[in-house]
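Predicted model and sequence follow; I will ask about them next.
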Amino acid sequence: MSLSHPVTWIQIASKSPQGRGMGGSPGRHCLRTAGKFNGTLRRISRAGTLPPAATAGWRAGDARSRDSSPPGARGPPQRPHRADREARQPARPLGTRPGRRAPLGWATSEPRPSSALRPATRLRAGARSRGPPSPGRAGAAAMELGPPPGGAGPAEPGPRLRGLRGDDRAASAAWLSEASAGRRAPSVAAVLPAGGSGERMGVPTPKQFCPVLERPLISYTLQALERVCWIKDIVVAVTGENMEVMKGIVQRYQHKRISLVEAGVTRHRSIFNGLKALAEDQPNSKLCKPEVVIIHDAVRPFVEEDVLLKVAIAAKEHGAAGAIRPLVSTVISPSADGCLDHSLDRASHRASEMPQAFLFDVIYEAYQQCSDYDLEFGTECLQLALKYCHTKAKLVEGSPDLWKVTYKRDLYAAESIIKERISQQICILMDAKEDEEHVGRCLEEMLKKELNHVKVTSGALCHAGRDLQQIILEQCYNFVCVNVMTSDFEETRKLLNALEESNLSILYPVVVISVHFLDYKLVPFGQKMEHLMQIKEFAKEVKKRNILLCGLLVYYPQED
Ligand SMILES: Nc1ccn([C@@H]2O[C@H](COP(=O)(O)OP(=O)(O)OP(=O)(O)O)[C@@H](O)[C@H]2O)c(=O)n1
Ligand SMILES: O=P(O)(O)OC[C@@H](O)[C@@H](O)[C@@H](O)CO
């Protein structure tokens, strides 16, 4: 399909529609597109209307958030360099990491947010938290950010079983059916350590908050976890200095099921704080102890439901489970004089990745028994379960995308992967009218069959168009607008205006296809084409803003 020519014919083959006059929605067709979409379609559920965009430093289009250097990039980091810290460490056993973390001084021209601890309450976006929790419960407090008042309800569960294959799909179905059959499916929560300073990234902004396509990295990880409907709560551990930034991200991107807890000075301490928030039923807190807890680094954005399901099911059976990957470099052990002592056989070793999952009681007990040394220098949760609870984790092969963003090159890699994934997503948009809904579903089904790796989605737009904000928040870059009833393209126009306001297309070309169905017995072709040629003019106009608009005219014979 040539995007340079805005109106492209497509051929309807096979039986005629069960249409009901012009308004009749065309029935099922075999729809052959003139071109081959290599995109995917994504179902946009009818999200609740969005509250006015939250005032947050991450609002799209803000000078600050458009600044190429991430916010907080002003001013030097406020802590001794990692190498200095490592030099001070005592000799340490294998499997622990040099250096410990002190909270990064958040050097920014922004007023420094209060670092007071937040109590365990489920705050509505924009609500104020109560004062600091009672002393001695440091880190046990959790701030929960629910959907904004009157805002969308619980997050739309992601397309169930999406991306699952074969036995994963069966396992997931079994897991989910326990829930839907009213039997008590194991309750699952997630803990996301996000309290690091990202020293190896080499920028003052902690890497979890570094923008990728103008969206903080952590937001992609949250989005990935939110697509998994059986994860009930997501507890994010952030430092006090970054609590307000994190609140802003949650509000800005409408993340749901999120609770915030104070991070610790090491990753293990952050995780422990997240577990404490889940372990203690606190007044006014809706967090309750899960049966299974998933632990996943906030800087590993490419996590899919299948591996989360695998580790959760394995943890339920074995008490602990973790994703692993083949080593890409050989591991060697140096001797005291800095020479090679021996190298490990790469084939019999694996890299420990995330996500990991545990029976909550197992990992919570392990952290409670954990030595200070392990809390300070340890890097492996599975090892804690083994050492303190004699629980041998089940190891699960993970996908190549589970890597952790650590160095700047990883951020560039993440950006290109995100761009590639976004460019593979297309939303089919239509008005809430029954005819268009039906056509959207038909289109969705057919494209699923026609295109490989299609994540087919479609959804109705509420007239207020406020759902558009949510769609654009999802950073979709391709849209198919279905116009059945009229030859004008009001819905498409609304979308184009919203896209222009969002500046989304500055980052990446956005493709919009306006599909018009025409029953040629009712409307003279010439008259219809006149309308559609408007698209040509409009396409020229929006192309200047990197929005590629083209029209498809579906010309079908109405049944006599
Ligand atoms: N005190 C800490 C340290 C790390 N983390 C989190 O643990 C995850 C993985 O840790 P790592 O990649 O080491 O992050 P940093 O410690 O930030 O990186 P660096 O070692 O380069 O400073 C990250 O999501 C990080 O935010 C945490 O929650 N609390
Ligand atoms: O060691 P880092 O602090 O860079 O990151 C933590 C990782 O070690 C950890 O996520 C995996 O090794 C799995 O435990």
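In hand now; what should we look at? Ligands and ions are numbered 1, 2, ... in the order given.

and the chain, which of its residues are near ligand 2?
97, 267, 297, 352-354, 379-381, 404, 406 (C-beta under 6 Å from any ligand atom). The way it works is simple: take the backbone N, C-alpha and C, and place the C-beta from them, glycine included.

Report the buried residues of stretch 338-354.
350, 352-354 (16 or more other C-beta atoms under 10 Å).

Also stretch 529-539?
For stretch 529-539, burial by neighbour count (16+ other C-beta under 10 Å) applies to 531-532, 535, 538-539.

Send me that stretch as CSV with only the CA atoms.
Written as CSV, here are the backbone C-alpha positions of stretch 529-539 (Å, rounded to 0.1, in the frame of the first residue of the first chain):
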residue,chain,number,x,y,z
MET,A,529,-15.1,10.0,-4.5
GLU,A,530,-15.5,13.8,-4.2
HIS,A,531,-15.8,13.4,-0.4
LEU,A,532,-12.9,11.0,-0.3
MET,A,533,-10.7,13.3,-2.3
GLN,A,534,-10.9,15.7,0.6
ILE,A,535,-8.6,13.1,2.3
LYS,A,536,-6.0,13.9,-0.3
GLU,A,537,-5.9,17.5,0.7
PHE,A,538,-6.0,16.7,4.4
ALA,A,539,-3.2,14.1,3.9
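
The residue nearest to Arg269 when sequence neighbours are not counted in helix, strand or coil?
In space, and not counting its chain neighbours, Arg269 is closest to Leu375: 5.5 Å by C-beta to C-beta, 6 or more residues apart in numbering. Assigned by DSSP: H, G, I helix; E, B strand; the rest coil, the conformation of Leu375 is helix.

Now do Leu375: how many residues are near it, please.
Residues lying near Leu375 (other C-beta atoms under 10 Å) number 19.

go on, the one 5 residues further on?
Applying other C-beta under 10 Å, we find 18 other residues in the vicinity of Glu380.

Isn't it up against Glu353?
No - when contacts are counted by C-beta atoms under 8 Å, Glu380 is not listed as touching Glu353 (11.0 Å).

Tell me the one of the buried residues of stretch 529-539 nearest Gln369?
Ala539 (65.1 Å; C-beta to C-beta).

Find me the pLDDT at that closest one, would you?
pLDDT for Ala539: 88.

Surely it touches Cys550?
Yes - contact between Ala539 and Cys550 holds when scored by C-beta under 8 Å: they sit 6.6 Å apart.

what helix or strand does the residue of the stretch 251-400 of the chain found nearest ligand 1 sit in?
The nearest approach of the stretch 251-400 of the chain to ligand 1 comes at Ser270, 3.3 Å away (C-beta to the nearest ligand atom). In this assignment (DSSP states H and E), Ser270 forms part of helix 267-279.

Relative to Gln424, how far out is Val191?
30 Å (C-beta to C-beta, to the nearest Å).

Please say which of those two ends up with more neighbours.
Val191 (32 against 20).

Tell me the backbone dihedrals of the more buried one, please.
For Val191, the backbone dihedrals (degrees, to the nearest 10) come out as phi -120, psi 130.

again, but for Thr239
Taking degrees, to the nearest 10 as the convention, Thr239 sits at phi -70, psi 160.

That one against Glu262, yeah?
Yes - look at Thr239 against Glu262 with C-beta under 8 Å: they come within range, at 7.3 Å.

anything in contact with each of these two?
Shared contacts of Thr239 and Glu262 (C-beta atoms under 8 Å, 6 or more residues apart in numbering): Gly195.

ok, those two, which is more surrounded?
Between Thr239 and Glu262, counted using other C-beta under 10 Å, Glu262 has the larger neighbour count: 29 against 24.

so that one bridges to which residues?
Judged by DSSP bridges, the bridge partners of Glu262 are Val238.

For Leu213, grab the count of nearby residues.
16.

Quick check: Ile422 vs ligand 1, distance?
Separation of Ile422 from ligand 1 (C-beta to the nearest ligand atom, to the nearest Å): 22 Å.

I'd guess that residue is in a strand, am I close?
No - using three-state DSSP, the secondary structure at Ile422 is helix, not a strand.

What is the neighbour count of it?
Using other C-beta under 10 Å: Ile422 sits among 21 other residues.

residues contacting it?
The contact partners of Ile422, by C-beta under 8 Å, 6+ apart, come to 213, 475-477, 508.

Top of these by number of neighbours, please.
Tyr477 leads these on contacts (other C-beta under 10 Å) with 26 neighbours.

which residues touch it?
Contact partners of Tyr477, counting by C-beta under 8 Å, 6+ apart, are 422-423, 425, 504, 508-511.

for Tyr508, same thing?
Taking C-beta under 8 Å, 6+ apart as the test, what Tyr508 contacts is 213, 419, 422-423, 477, 546.

Could you rerun that using 7 Å?
419, 422, 477 (C-beta atoms under 7 Å, 6 or more residues apart in numbering).

repeat for Ile332
Residues in contact with Ile332 (C-beta under 7 Å, 6+ apart) are 340, 343.

Who does it form a beta bridge with?
As assigned using DSSP bridges, the partners bridged with Ile332 are Ser343.

now the buried residues of stretch 529-539 as CSV including secondary structure?
Output for those, formatted as CSV (three-state DSSP):
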residue, secondary structure
His531, helix
Leu532, helix
Ile535, helix
Phe538, helix
Ala539, helix
